[in-house]
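J.: Sequence and predicted structure below; questions after.
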Amino acid sequence: MSVSERSEITTDAAERPAPDLTGLRAWIVTDGKAGDENQCVGIAETLGLDYELRRVPAHGPFGWTAPWGPIDPREGPHSRSGALRGPYPEILIASGRRSVPYLRAMRRATDRRIFTAFLKDPRTGHDSADFIWVPDYDDLRGPNVFTTLTAPHLVTAARLAAARARPDPRLASLGRPRVAVLIGGDSRHLSYRKADMGRLVDNLRKLADLGCRLVVTVSRRTPDPLREAVKRLAAETGGFLWDGTGENPYVSMLALADAVVVTSDSANMVSEAASTGAPVLLFELPRTYIRHRRMFAGLAIAGALRPFTGQFETLSYKPIDATPRIAEALARSYAAHKAALGG
């Protein structure tokens with residue numbers, strides 16, 4: 001197993017052939033946060049599950065007391081119209097602190113017969129679900145814990161191949177080299193200072209001056225001054241910025257990119273960028289989450305990532321996509337769970 005794919009799942013489970021879970025009913029339980037939900041959907045789609053999105057309350061006192069507190073009884077497994085109303089699925093995949101009490105409630109309601117998986121650290125111990133995935137940089141370990149260097153996501157090899165086979169005309173018409181620019185925004189861990197925004201725009205202009213075409217997407221969290229600055233830069237240099245109109249070109253941007261500039265506030269975006277095989281150029285912000293720095297260091301060691309300094313870099317590496325590995329480990333864990341139940 002490579003340095004980017006580690007597991008503490010027991011040897012017996014790891015040696016079992018991964019079963020085909022296509023068509024099994026599943027729930028994805030989150031509070032609706034896009035990053036958490038997309039990771040779960042990436043795993044569900046890779047496994048071919050017949051899944052439903054079940055969103056639990058993101059606000060109010062029951063959210064404040066998560067992950068240890070109770071659920072909102074109006075949303076529980078015995079309610080007629082709540083998030084956990086039946087009929088129950090065979091597999092429940094959850095992510096996010098506020099979903100932990102609801103996963104716990106489903107285990108109790110089904111006497112643990114339902115198979116539960118949790119993505120990221122639930123903060124309630126490794127025995128909180130039948131299967132847990134965490135990134136390598138997290139500390140959680142246990143017999144049911146699977147770890148990888150990068151996170152699961154929706155930018156699958158199949159989606160990238162389809163986007164390359166049918167290029168988005170808005171992007172294909174641009175000259176090369178094309179550089180996808182993925183810009184995040186302020187979070188509870190860090191915020192963009194005026195100096196950071198100026199440095200990013202200056203370095204992007206250096207790329208444009210080298211003849212690169214910038215293909216830019218921003219986040220809802222992106223500060224307005226930065227949003228306006230990159231919008232002007234893309235227009236002035238013959239690039240493209242997705243303004244929210246028309247089909248979201250995110251996967252096409254990655255599929256057609258000769259390099260990807262990505263800001264360090266989002267480990268998910270960095271994981272998606274590394275799945276392309278294109279050079280990942282990291283714009284690092286002060287106060288970047290220390291655990292994310294561990295992931296970035298691993299990608300640098302793998303030859304996939306370099307700091308972004310305004311230069312176009314050429315890197316050669318095999319695309320790094322943990323999603324299929326995580327899905328396979330989950331499927332093996334499901335098989336072991338069914339065997340233990342006598343099913």
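T.: Received it, and whenever you're ready, just let me know what you need.

J.: Looks to me like residue 80 is in a strand.
T.: No - read with DSSP: H, G, I helix; E, B strand; the rest coil, residue 80 is coil and lies in no strand.

J.: Could you list the low-pLDDT ranges of the stretch 201-343 of the chain?
T.: Filtered on pLDDT under 70, the stretch 201-343 of the chain yields the residue ranges 343.

J.: in it, which spans are strands?
T.: With DSSP state E, counting those that start in this stretch, the ranges of strands along the stretch 201-343 of the chain come out as 213-217, 240-241, 259-263, 280-283, 305-307.

J.: One more: the stretch 51-200 of the chain?
T.: 91-95, 115-119, 131-135, 145-148, 178-182.

J.: Pick the most buried one from these.
T.: Across those, the average number of neighbours (mean count of other CB atoms under 10 Å) peaks for strand 91-95, which reaches a mean of 28. C-beta coordinates here come from the backbone N, C-alpha and C atoms, glycine included.

J.: ok and that strand relative to strand 115-119, angle-wise?
T.: Relative orientation of strand 91-95 versus strand 115-119 (axes from the mean of the first three to the mean of the last three CA atoms, to 10 degrees): 20 degrees.

J.: Please name every helix or strand in contact with strand 91-95.
T.: strand 25-30, helix 34-47, helix 100-109, strand 115-119 (3 or more CB pairs under 8 Å, 6 or more residues apart in numbering; DSSP states H and E).

J.: I'd like to know which of these is closest to residue 159.
T.: Across these, residue 159 has its closest neighbour in helix 34-47 (9.4 Å, CB to CB).

J.: tell me the mean pLDDT for that closest one?
T.: Average pLDDT, helix 34-47: 96.

J.: Pull the contacting residues for residue 328.
T.: By CB atoms under 8 Å, 6 or more residues apart in numbering, the residues touching residue 328 are residue 18.

J.: how about 10 Å then?
T.: By CB atoms under 10 Å, 6 or more residues apart in numbering, the contact list for residue 328 reads 14, 17-19, 46-47, 146.

J.: Look up how far residue 337 lies from residue 86.
T.: To residue 337, residue 86 is 20 Å away according to CB to CB, to the nearest Å.

J.: Who has more neighbours out of these two?
T.: residue 337 (22 against 11; other CB atoms under 10 Å).

J.: I figured the more buried one hits residue 130, correct?
T.: Yes - taking CB atoms under 10 Å as the definition, residue 337 is a contact partner of residue 130 at 5.3 Å.

J.: what residues do these two have in common as contacts?
T.: Shared contacts of residue 337 and residue 130, counting by CB under 10 Å, 6+ apart, come down to 91, 112, 114-117, 144.

J.: Out of the residues you listed, the closest to residue 71 would be?
T.: residue 116 (14.6 Å).

J.: which residue sits closest to that closest one, ignoring its sequence neighbours?
T.: With sequence-adjacent residues excluded and distances taken as CB to CB, 6 or more residues apart in numbering, residue 116 is closest to residue 129, at 4.3 Å.

J.: out of the contacts of residue 328, which are buried?
T.: Listed as buried from those are 14, 18, 46-47, 146; burial here means 16 or more other CB atoms under 10 Å.

J.: In JSON lines, list those along with distance to residue 60.
T.: What follows is the buried ones among the contacts of residue 328, written out as JSON lines (distance: CB to CB, whole Å):
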{"residue": "14", "distance to residue 60": "41"}
{"residue": "18", "distance to residue 60": "39"}
{"residue": "46", "distance to residue 60": "33"}
{"residue": "47", "distance to residue 60": "32"}
{"residue": "146", "distance to residue 60": "32"}
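
J.: what's the farthest-apart pair in those?
T.: Within these, 14 and 46 form the most distant pair, 18.1 Å apart (CB to CB).

J.: what's the span of stretch 42-53, first residue to last?
T.: End-to-end distance of stretch 42-53: 13 Å, with CA to CA, to the nearest Å as the criterion.

J.: What residues of that stretch count as buried?
T.: Counting neighbours by 16+ other CB under 10 Å, the buried set in stretch 42-53 is 42-47, 49, 51.

J.: repeat for stretch 220-229
T.: Quick answer for stretch 220-229 (16+ other CB under 10 Å): 222-223, 226-227, 229.

J.: just stretch 325-343 next, same as before
T.: By neighbour count with 16+ other CB under 10 Å, stretch 325-343 contains the buried residues 325-337.

J.: What is the nearest of the buried ones among the contacts of residue 328 to residue 206?
T.: residue 46 (37.9 Å).

J.: got a list of what that closest one touches?
T.: By CB under 10 Å, 6+ apart, the neighbours of residue 46 are 21, 152, 154, 156-158, 321, 323-328, 330-331.

J.: before we move on, what about residue 171?
T.: Residue 171 touches 163, 178, 180, 213, 215, 239-240, 242, 249, 252-253, 255-257, counting by CB under 10 Å, 6+ apart.

J.: Between the contacts of residue 46, which sits nearest residue 309?
T.: residue 321 (26.5 Å).
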